[in-house]
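# Fold the following and give me the result.
(2 chains)
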2 protein chains.
Amino acid sequence: MSTTATAKGTAAHPAYQALIKRIEEANLIRSSAGVLGWDQETMMPSGGVVFRGKQLAILSRLAHEALTAEATGEAIAACESVPELTSDPLSPEAVNIREIRRSYDRATCLPASLVEEEAALSSSAMHIWAEARKSADFAAFKPELAKVVDLMKRKADCYGWAEGGEPWDGLAEDYEPGCTAAEVEAVFTPLRKELQTLLDALMGSSTRPSNAFNEVKVPIERQKAFVREVASSFGFDFERGRLDESTHPFCGGSHCNDVRMTTRFHENNVNDALGSTTHETGHGLYEQGLLEQFIGTPMGDSVSLGIHESQSRMWENQVSRSESFWKWCYPRMKDMLGDCVSSLSFDDVYGGANIVKPDFIRVEADEATYNMHIMIRFELERALMKGDLSVDDLPDAWNAKYREYLGIEVPDDAKGCMQDVHWSMCAMGYFPTYTLGNLYCAQFFEKAMSDMPDLHDQFEQGEFSGLLNWLRTHIHHHGQRYRAAELCEHVTGRPLDSTALVKHLNDKLRPLYGV
Amino acid sequence: MSTTATAKGTAAHPAYQALIKRIEEANLIRSSAGVLGWDQETMMPSGGVVFRGKQLAILSRLAHEALTAEATGEAIAACESVPELTSDPLSPEAVNIREIRRSYDRATCLPASLVEEEAALSSSAMHIWAEARKSADFAAFKPELAKVVDLMKRKADCYGWAEGGEPWDGLAEDYEPGCTAAEVEAVFTPLRKELQTLLDALMGSSTRPSNAFNEVKVPIERQKAFVREVASSFGFDFERGRLDESTHPFCGGSHCNDVRMTTRFHENNVNDALGSTTHETGHGLYEQGLLEQFIGTPMGDSVSLGIHESQSRMWENQVSRSESFWKWCYPRMKDMLGDCVSSLSFDDVYGGANIVKPDFIRVEADEATYNMHIMIRFELERALMKGDLSVDDLPDAWNAKYREYLGIEVPDDAKGCMQDVHWSMCAMGYFPTYTLGNLYCAQFFEKAMSDMPDLHDQFEQGEFSGLLNWLRTHIHHHGQRYRAAELCEHVTGRPLDSTALVKHLNDKLRPLYGV
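Alright, predicted model coming up:
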């Protein structure tokens, strides 16, 4: 492979330069929408809501038009016919041409009528879902969900899927290129078995970490300074990004030199602010680690949602919930938060950051049970897409799985199959990227530890650049050179499996629960 | 005239609906750029600079393309041929068609080569100006300025001007539609004479207001709360706008329901923070007062820079530098700013907000001398455009006018003819809008006082909604129904003249200076 990072096309073939120019323009429009989206969640006065929706819609249409223009298709074909551009399949030129072709084909294969139908249905179904959820009224949501499932089946048919695959694969491709339900199942099945064994052991123990850390009250101004300090210590560059507040934390922005992440604060939950911040910092470090010379092209873009999540989970779980991190952070936190936390022992804090508790709500779940929530959603949406499960039977199927996997009785559909917005937004094939992220994360971290056995000693010293530089070199700098599964093999030497995540959870959680 | 505010076209002719749809789309793109421009000055990390320039450039190009598309021209012509759309020239439909025609004709009459030449020259001339100004080196800037003048003459030729007019008129049309140099001169000449008389009297007096208000130190957090309170009291709606900080205060945003204004703070200059805030609040109140139903069309847009400035000066000068305002504000300021201002008397504050001092720098000038700076620039740029003044002779001509009008000797060209960025940006025909704003402002306020003789009593009670509602009804709600000069006649019953401004300045300043 060519490891020389050729600039986006300055010295390249004219056909390639022409293609890149078109793609960069589409990206400039899309990244402008990124700033407007960030502004909407962080800065925009409430009066701006309706018009902002129209601004985002037109920018989205213009970006789509720039990508799907006939001239783009011709430019791609022209590049594909130039052997020197594609002879080395891992060269930046070949990667960009390959991924632009993929995006172009995906964007042009859906009939405009279906795209419009999806936009309209998302809008109405989300509205009806939000209303129906208030009174846990699945019957009111059911007709909309049935329409979503029907539309998703037709959408999957348009996209198609590889030989031996299934409809779900066609949809997942939007979020995790190259990922199939069969591959997900092959990794999830052993993971579930191991997680159940671990959860049984933990929940059966009479030893529990203290919950004191999750009960202290800390003034929000102090929390802000504290989490900003942690993000900065991890290597987030505030000259090339911001940290603000929003109801739902996220990481957005324009490009590697302008990354906008958010977090949230509650006076009685500094642990939540820290978790949200370290999670988004992981996303932010990935974005800042993409190469400037490739801004606006696939070589300067992230691989997939799963790989993105592997980076957020890296800093949230592997780093910020580790004993070594807390050895560095505990005294600093005491300094920065003052009296509010003076009564907390080291064990209160490290243990309190790692409490495991099976519960109904995915977004509130801990590091271990979280994956169970994802598996349940994956199995159910796959069955819906295949036609093996009817929308009528969804609540019962949902509740049965929560009983089986987490040992809990779902009290109503608002806390059950209606808790997440995603399906009402026509996002099917998306949920597994969260657990794939956890799996990739653990397998990457295992490899980083084998390359740098003193990594935890570095964390104890507040030294995080060793890990960050490793991630930069092995993951961030590649952009979309490799698909997720290839990247995993390239970096760790083996395909994705569940062993690293299972070992990580057992090694950390069993001692905390005395089992 | 039809005073019924017909919605933008819901019930209107299909040709009109089609035109409005196109124009609204162009506006959605332009207003998206507005958010990005605001973000650039207030929120963007420094790393984002280069890419932001590219984002703004492409949005600007797309908005221009949407406006100048052949289909837009056809849609305008189609509307113009429908009598019921244009029979009442003051109906929203007729106004929109008229103003869209004007924008379209202006945007399509410049050759692309000239537009590109101007973009390139602005960029290089601004850079060379900034460097040359550092060492007050006019010789280094002169060749660039000569190119600007040459280009502006050619641009004026493309635009053309009305019978009996001159090249300057063709350029001013971009900022003050319908305004001519001859009209400006007719108002400026008597104003200058009266100002000179007033300044001679003030500067000849041994009585001077105390400068103590401009010397107190106030912590910036207290200043922020104070100016926000004032903006809110004036009626700025923070549910439909924001107040942030930037190096150069401005008012931008997207539309009437999302207005972004900024101010600035220095610990030792609370008066500057107040002045910047009340000025931008005036712009902001105008923007918020435009009618929501016309967003994105000329009927929902401001008239001209001069009328916009009349609104900022209204709240900055007529209100916030008045004795009645300070009777309300003085005790409140003492409460909010605390000990820092406890030694200041009412006279210190009211007088300190109204100090007059002839000096070199326009942006630091007071309410009275400011207009002299503008007149000098107007006379010189008009002469440059006519060919009556050569770029070689500009510094001498500049310095002579400062000697004649303000009685001061300009020490060097950095404090002289190179102090402003505007000419290097190819903005000629722009400066007079500032003084036109002051003139319109005074004439509008005089009329408001005659409609509501107790207006100053209202200010003393902290009641500003009387004035705001008057401005809403008489100015804001009209959008671009009237050109500036027509609006002035429509509102005040006579054409613009200098009597109201002269009276205002004499009535306020003479007592403060004991003359």
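
# Run a quick neighbour tally on A:Arg362.
Applying other Cβ atoms under 10 Å in any protein chain shown, we find 17 residues neighbouring A:Arg362. Heads up, the C-betas are built off the backbone N, CA and C, glycines and all.

# element containing the closest residue to it other than its chain neighbours, please.
In this structure, A:Arg362 finds its nearest non-sequential neighbour in A:His373, 3.9 Å apart by Cβ to Cβ, 6 or more residues apart in numbering or on different chains. Assigned by DSSP states H and E, A:His373 falls within helix A:370-386.

# just checking, what packs against that helix?
helix A:138-159, helix A:167-172, helix A:181-204, helix A:394-406, helix A:432-451 (3 or more Cβ pairs under 8 Å, 6 or more residues apart in numbering or on different chains; DSSP states H and E).

# Let me know whether A:Gln196 touches A:Tyr405 as I believe.
Yes. A:Gln196 lies in contact with A:Tyr405 (Cβ atoms under 8 Å); the separation is 7.0 Å.

# And the two? Which one has more around it.
More neighbours surround A:Tyr405 than the other of A:Gln196 and A:Tyr405, with 20 against 15 (other Cβ under 10 Å).

# Tell me how far the residue nearest to the more buried one when sequence neighbours are not counted lies from A:Leu191.
Distances taken as Cβ to Cβ, 6+ apart place A:Met372 nearest to A:Tyr405, at 4.6 Å, with adjacent residues excluded. Remark: distance between A:Met372 and A:Leu191 (Cβ to Cβ, to the nearest Å) = 9 Å.

# next one: A:Leu85
Per Cβ to Cβ, A:Leu85 is found 41 Å from A:Leu191.

# for A:Asp366, same thing?
For A:Asp366, the distance to A:Leu191 - Cβ to Cβ - is 15 Å.

# of the two, who's got more company?
Between A:Asp366 and A:Leu191, counting by other Cβ under 10 Å, A:Leu191 is the more crowded of the two (22 against 16).

# Report pLDDT for the more buried one.
We have a pLDDT of 98 for A:Leu191.

# Same question for A:Ala112.
Confidence score, pLDDT, at A:Ala112: 87.

# ditto for A:Ala119
88.

# cool, and the one 5 residues further on?
A:Ser124 is assigned a pLDDT of 91 by the prediction.

# shouldn't it be in contact with A:Glu144?
Yes. Under the criterion of Cβ under 8 Å, A:Ser124 makes contact with A:Glu144 at 6.8 Å.

# So which of these two has more stuff around it?
Per other Cβ under 10 Å, whichever of A:Ser124 and A:Glu144 has more neighbours is A:Glu144, with 20 against 13.

# Pull up the residues of chain A that are close to chain B.
A:25, A:28-29, A:31-33, A:35-36, A:39, A:43-48, A:50-52, A:54-55, A:58-59, A:62, A:237-242, A:254-255, A:257-258, A:295 (Cβ under 8 Å from any Cβ of the partner chain).

# If we go by neighbour counts, what in stretch A:248-258 is buried?
A:249-258 (16 or more other Cβ atoms under 10 Å in any protein chain shown).

# Pull the most distant pair out of these.
A:Pro249 and A:Asn257 (21.3 Å; Cβ to Cβ).

# How far does stretch A:204-222 stretch from one end to the other?
Start-to-end span of stretch A:204-222 (Cα to Cα, to the nearest Å) is 37 Å.

# could you dump the helices and strands packed on helix A:370-386 to a markdown table with distance to A:Ala77?
Below are the helices and strands packed on helix A:370-386 laid out as a markdown table (distance: least, Cβ to Cβ, whole Å):
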| stretch | distance to A:Ala77 |
| --- | --- |
| helix A:138-159 | 21 |
| helix A:167-172 | 24 |
| helix A:181-204 | 31 |
| helix A:394-406 | 44 |
| helix A:432-451 | 31 |
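
# if we can go back for a sec, filter the residues of chain A next to chain B to the buried ones?
A:25, A:28-29, A:31-33, A:35-36, A:39, A:43-45, A:47-48, A:51-52, A:54-55, A:58-59, A:62, A:237, A:240-242, A:254-255, A:257-258, A:295.

# give me the low-pLDDT residue ranges for chain A?
Low-confidence segments of chain A (pLDDT under 70): A:1-11.

# Please name the residues that touch the spatially most central residue of it.
Nearest to the mean C-alpha position of chain A, counting by Cα atoms, centre = their mean, stands A:Glu309 at 3.6 Å. A:Glu309 is in contact with A:433-434, A:436-438, A:440-441, counting by Cβ atoms under 8 Å, 6 or more residues apart in numbering or on different chains.

# Ok, A:Pro395 next?
Listed by Cβ under 8 Å, 6+ apart, the contact set of A:Pro395 reads A:138, A:413, A:416-417.

# Report the separation between it and A:Leu145.
Distance, A:Pro395 to A:Leu145, using Cβ to Cβ: 11 Å.

# and if you look at A:Tyr370?
Going from A:Tyr370 to A:Leu145 by Cβ to Cβ gives 24 Å.

# can you check A:Trp398 too?
12 Å.

# Could you do A:His373 as well?
Counting by Cβ to Cβ, the gap from A:His373 to A:Leu145 is 19 Å.

# So for the two, which sits in the more crowded spot?
A:His373 (26 against 21).

# so the more buried one sits right up against A:Glu364, yeah?
No. Between A:His373 and A:Glu364 there is no contact under Cβ under 8 Å: 9.8 Å.

# re the thing from before, just how off-centre is the helix holding A:His373 within its chain?
17 Å (Cα atoms, centre = their mean, to the nearest Å).

# how many degrees apart are it and helix A:181-204 in direction?
140 degrees (axes from the mean of the first three to the mean of the last three Cα atoms, to 10 degrees).

# tell me the angle helix A:370-386 makes with helix A:138-159.
Per the same axes, to 10 degrees, the angle that helix A:370-386 makes with helix A:138-159 is 70 degrees.

# Report the buried residues of helix A:370-386.
Using 16+ other Cβ under 10 Å as the test for burial, helix A:370-386 gives A:370-385.

# Closest one to chain B out of those, please.
Closest approach between the buried residues of helix A:370-386 and chain B, by Cβ to the nearest Cβ: A:Tyr370, at 31.8 Å.

# do you know how far the closest one is from B:Arg481?
Counting by Cβ to Cβ, the gap from A:Tyr370 to B:Arg481 is 59 Å.

# Can you give me every residue that contacts A:Glu323?
A:350, A:456, A:508.

# go on, A:Arg228?
A:Arg228 neighbours (Cβ under 8 Å, 6+ apart): A:243, A:277.

# same thing but 7 Å
A:Leu243 (Cβ atoms under 7 Å, 6 or more residues apart in numbering or on different chains).

# how far away is it from chain B?
Using Cβ to the nearest Cβ, to the nearest Å, A:Arg228 is found at 14 Å from chain B.

# so that residue, which of the three states?
Counting by DSSP: H, G, I helix; E, B strand; the rest coil, the backbone at A:Arg228 sits in helix.

# And A:Met428, by the same measure?
coil.

# That one - how many residues pack around it?
With other Cβ under 10 Å as criterion, A:Met428 counts 26.

# Hmm, A:Gly170 and it touching each other?
No. Using Cβ atoms under 7 Å, A:Met428 makes no contact with A:Gly170, being 10.1 Å away.

# if you skip the residues just before and after it, what's nearest to A:Arg208?
In space, and not counting its chain neighbours, A:Arg208 is closest to A:Tyr513: 6.8 Å by Cβ to Cβ, 6+ apart.
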